[in-house]
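this one's sequence-less:
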């Protein structure tokens, strides 16, 4: 089918158009979608453009942060308020990609991409849609990602994190400083009374979407963070995960080194 | 397939062109406007040869949907020199022998300009990051990094000898 | 990246007082590069430009039962569908311009595909998007065939035939052998005498040239009933000759313009785009562009092929390598392109820059069901150098020597006989080893530091081996009569048309202290090659008119 | 966890020009009436600097400043036949053709000058600055412009020249491989230092020290471009690049630069280069082509450095972290070799 581009001034109208056409896609920064547009191999026949782009606003109500779907990686990396997310936003492509790539687009990125989404998963984000309905936990969003394409993401929200140092992110690449990920790991490890409470660890390229490393989370829960617990979390990390084989690395390699990188990320001296 | 009119400023001049359905900015610049300085290297947003500056930000024109630049200001290498006087980056790329085949050079220059416009005194790491989306198959990057550092230093103090 | 000119080496062989040579003059083309105005082929605008895209095989190996283009032809913007039957002379081998090898590759395939990405149809349309959309509407009825991907599997009996021109999946050298031989001395006897025998297996990966500008060409009807072709080719007349042959058109009707190319690295010699673009222009009367997108450049455009090398060295206790044996397999992919030639170059290079009295090699050009391989920076040499130099380290370890000292000990020097039976001259390996060691603060012995390329060579080292073992291994049955190949017509080299040998080339530059220009003279007496019977003169070939070297036939004959 | 340093060495020679010869190139040189020269070629500038190096060769041979010469490539209607830009043949083959063409044009120019000065052409020399004078008598002089103007408007001479360089094709003996592959060889040796992470198999190149023998560095900056960029490519081939990551398995072939890996600007290492010059007897001013050989020694040197660092021999390219890690696992850990 020849491609059609439909442009809307109001996002609500765009949302209606999307709902009526399963073969339509909303374009954010275009960094993922335009490849398909250029090659004609797209699996969609309509591109929906929201004039002026989607929301670029960041709201905070004291307990939660809401980041508009149109906020770019460059904007996150430059925002003092979102500084804790910068390590994930900064490693998405080069500067020109980061200037275009949006939060909304990253949510739909397929392996080996999607660093920000991996971070959002570890941070327990919720996905908000245009118009009706309640926000959806990011796990649910990711589980249904390939199937439900009829709603436009308006924003993501996440709880304000008390201690920014409780969040750590690392992308493993072969090309520096910009390379596609062998894998990326995001770990949120709030510490209360010297012990980890509510650990969430997310890892990419272990399945069709970023996934939580449940085994590692369990190993850390209620434990102090030290070399020993980091080691144990690493040892339990691969439980339930099925690493991908692709151009960048084999399943075997990802399985072998993911725990190494998690252990290094969790170790007390990380980043220093 | 109706063509759509779009207007934007290119290197300070108003342009009005028709773009085809789904056309990217690179094709509009090259075929529509006749600015041949941005180059096609991949059409995938992975090589940087088509880098332009849109409203102050470096962007990959091959993965920019043409109609999304309506009303915006676009800069390319065609507007980099001030008349016959080269931009300091162009001059530095010459002095440092930072171009071989020259195909990545326009995109590389725009990536460098976008950096220096917002960060006139970048570190080597800043420069490396700024060109990280721009591939060069000829030079091994060192001469390019040095040329950009040379401009940032306003001379040659900061540049490694090449 | 500090660069130092080490003028003290070979100073008496140079005149350094020249006006322009040796000066760090700015590139002539630099202003164009930094202003973005250097005219690459795609920087020429044509009104009414049409775009060509190919329908490509999704299979590694398949028979084509039928192609249905009816839907594609009706797609908006489609101007013409091109099939194999539209190509006037639809079979070629790149080196036919040098009279080397048999035509084995169509521009557009008709009956069968032998690699994923092989073109079976081309669409000419008003926009690239229209061409892509029409390509998706071409219906091909494929019959997938068993495929073979490993070079050693491909040459086993019973392996699927990849390339019908060479049914055993091996290129045929000199109409006689299924590989290129190098025989110098007696390696087996030397292995028996050696203190250590070191063996290794090395695998070079296929590699993409990855120029930032992808391959392409724009052709347009020109006044005077000619066609102009703007091209990214690395070899203007190679591409012109190939186009003239495939399209059966006089080379005088083709006007090729290029010369400013966005990187090549060997990937822009295959001349696939120029004939297709010109054919499009011929069939539509409009300017046509045919270019690879990046995905095609990476997976359809020919890479540097993979190579597999087996090495076996015999070495004495004191580190002298007395024998070196190679078995090499070049993975040519589905068609010959340039791999056959790369092997000749590799064999001429063996055993690397060392003086070794006994050398043996069998090197095979193997067809497999992957993208055809072609040239890349270091063509024919990079892979075997990786093998040789990694192997040298293993040899050093086996004899307990410093790796650099081992190289210097075995390095070829002026006056040494090489395995291809020519004397070495103008050598400088020893000095490079010494300087690199010094720069890296790598300690080597005083003897190694004092060695020189100018001394220690020649004399006994200039002698051919007293005895060379030869054999008939890999003799192709019926090779002389062309029975090895299923090509409909075998063309015997046309000796009658062979041009007179040119006079010796002129001395290069007027540097007075330089010895007279000459290249390596054959030693005397050379090992007499078996004299082949004189071939019968053959009638004119059915080739297209543009053959620049009408019968440079040495490669094929002997 | 540990990171291990290791050094590896390799040295190579490289044949210049198309193997066996048979690869001619031609050049045409002519002057404008004011003594400015054009060189017409059909050779290709891929970035290696063909236009620039032939320009310097033409200027040197003509005896005029480089600013007075321009090179035009590549138009099949005006540029005479050239085999192409590959096999490190450009500098050597085309350079020699340009010398021959420039010598012929220079001879006419000197004859024209001789007629104007009423001397014997054999007694004339050029100063490289645009003047021609009698050897040993600098005051008896004429400018190149005046000589070429006189040739064109008074004497009716064409200040032009044709050049070709051909090494006739050599045969190959089917039984022994006897052949004359090429007429000259370039040389290189280098030491690569790497750092290997023994838990991930990652290899980082830390430093390269090299010596390249190029015959003559006709333009040291262009040679440097080739050597620096070529070594980068060698490092890339050694550690990163492949179109088939699971060769000979054909699956997972990269289709973009996200997955076709090459070292980025953050992966490069200091490269200290020494250039040696042993002029090739038949090279243009002794020059050999540096463009291809510069990458070759890097591949084995990296492999040898990895072995030196952790005791793992990876004999299959590219040397990916996976292959290194498998090697380390197979031998029960890193086994650093002798420090160098």
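Yep, that arrived. Here the structure is a predicted model, which means the values were calculated and not measured. Numbering: from 1, shown residues only, chains lettered A, B, ... in the order given.

the top helix by length along chain C close to chain B?
Taking DSSP state H as the criterion, chain C has its longest helix at helix C:382-399. No. Helix C:382-399 lies out of reach of chain B by C-beta under 8 Å from any C-beta of the partner chain, never closer than 15.9 Å. No exception for glycine: its C-beta is placed from N, CA and C like everyone else's.

surely residue C:173 touches residue C:179?
Yes. Between residue C:173 and residue C:179 there is a contact under C-beta atoms under 8 Å: 6.6 Å.

please identify which of the two sits among more neighbours.
Applying other C-beta atoms under 10 Å in any protein chain shown to residue C:173 and residue C:179 shows that residue C:173 carries more neighbours, namely 29 against 23.

give me the distance between that one and chain B.
To chain B, residue C:173 is 34 Å away according to C-beta to the nearest C-beta, to the nearest Å.

residues in contact with that residue?
C:179-180, C:340, D:174 (C-beta atoms under 8 Å, 6 or more residues apart in numbering or on different chains).

next up, identify which helix or strand residue D:173 is on.
Under DSSP states H and E, no helix or strand contains residue D:173.

ok, and the most crowded of the contacts of residue C:173?
The most crowded member of the contacts of residue C:173, judged by other C-beta under 10 Å, is residue C:180 (26 neighbours).

roughly how far apart are that one and residue D:75?
Note on residue C:180: its distance to residue D:75, by C-beta to C-beta, to the nearest Å, is 37 Å.

just checking, what packs against the longest helix along chain B?
Longest helix in chain B by number of residues (criterion: DSSP H): helix B:105-118. If you count contacts as 3 or more C-beta pairs under 8 Å, 6 or more residues apart in numbering or on different chains; DSSP states H and E, helix B:105-118 packs onto helix A:95-100, strand B:51-54, strand B:57-60, helix B:88-95, helix B:124-130, helix B:142-152, helix C:30-35.

re earlier: so for the longest helix of chain C, mean pLDDT?
What helix C:382-399 shows for mean pLDDT is 98.

the next helix or strand after that helix to helix C:382-399, inter-axis angle?
Using DSSP H and E, the helix or strand that follows helix C:382-399 towards the C-terminus is helix C:403-410. With axes from the mean of the first three to the mean of the last three C-alpha atoms, to 10 degrees defining the directions, helix C:403-410 sits at 100 degrees from helix C:382-399.

tell me the centre residue of chain B?
Computing the C-alpha centroid of chain B and ranking residues by C-alpha atoms, centre = their mean puts residue B:110 first, at 2.6 Å.

and for it, nearest residue in space, chain neighbours not counted?
Nearest residue to residue B:110, sequence neighbours excluded (C-beta to C-beta, 6 or more residues apart in numbering or on different chains): residue B:51, at 4.5 Å.

now the helices for chain C?
Per DSSP H, chain C carries helices over the ranges C:30-35, C:70-73, C:128-135, C:151-154, C:187-193, C:236-247, C:273-284, C:294-299, C:339-349, C:382-399, C:403-410, C:429-439, C:446-450, C:554-557.

among the ones you listed, which is nearest chain A?
helix C:128-135 (3.7 Å; C-beta to the nearest C-beta).

packing partners for that closest one?
strand C:50-56, helix C:70-73, strand C:78-82, strand C:119-125.

who does residue C:367 form a beta bridge with?
On the basis of DSSP bridges, residue C:367 is bridged to residue C:333.

isn't it up against residue C:167?
No. Residue C:367 is not in contact with residue C:167 according to C-beta under 8 Å; the separation is 9.6 Å.

neighbour count: those two, which is higher?
More neighbours surround residue C:367 than the other of residue C:367 and residue C:167, with 32 against 13 (other C-beta under 10 Å).

how close does that one get to residue C:92?
For residue C:367 relative to residue C:92 (C-beta to C-beta), the value is 16 Å.

now the closest residue to chain A within chain B, nearest residue through space, not along the chain?
Residue nearest to chain A within chain B: residue B:133 (2.1 Å; C-beta to the nearest C-beta). Nearest residue to residue B:133, sequence neighbours excluded (C-beta to C-beta, 6+ apart): residue A:94, at 2.1 Å.

show me where pLDDT drops low in the chain?
I went with chain A, as the question did not name one. Where chain A drops to pLDDT under 70, the residues are A:1, A:42, A:272.

chain D was what I was after
Counting by pLDDT under 70, chain D has low-confidence residues at D:1.

could you look up the SS state of whichever residue of it sits closest to chain A?
Nearest residue of chain D to chain A, counting by C-beta to the nearest C-beta: residue D:266, 3.2 Å away. Secondary structure state of residue D:266, per DSSP: H, G, I helix; E, B strand; the rest coil, is coil.

kindly report the same for residue A:186.
Here residue A:186 is recorded as strand under three-state DSSP.

identify the residues contacting the closest residue to it other than its chain neighbours.
With C-beta to C-beta, 6+ apart as the criterion, residue A:186 has its nearest non-adjacent residue at 3.7 Å, and that residue is residue A:122. Listed by C-beta under 8 Å, 6+ apart, the contact partners of residue A:122 are A:167, A:169, A:186-188, A:200-202, A:212.

how about residue D:179?
Residue D:179 makes contacts with C:344, C:347-348, C:420-421, D:20, D:170-173, as judged by C-beta under 8 Å, 6+ apart.

let me know whether the residue of chain B closest to chain A touches residue A:96 as I believe.
Yes. Using C-beta under 8 Å, residue B:133 is in contact with residue A:96, at 5.2 Å.
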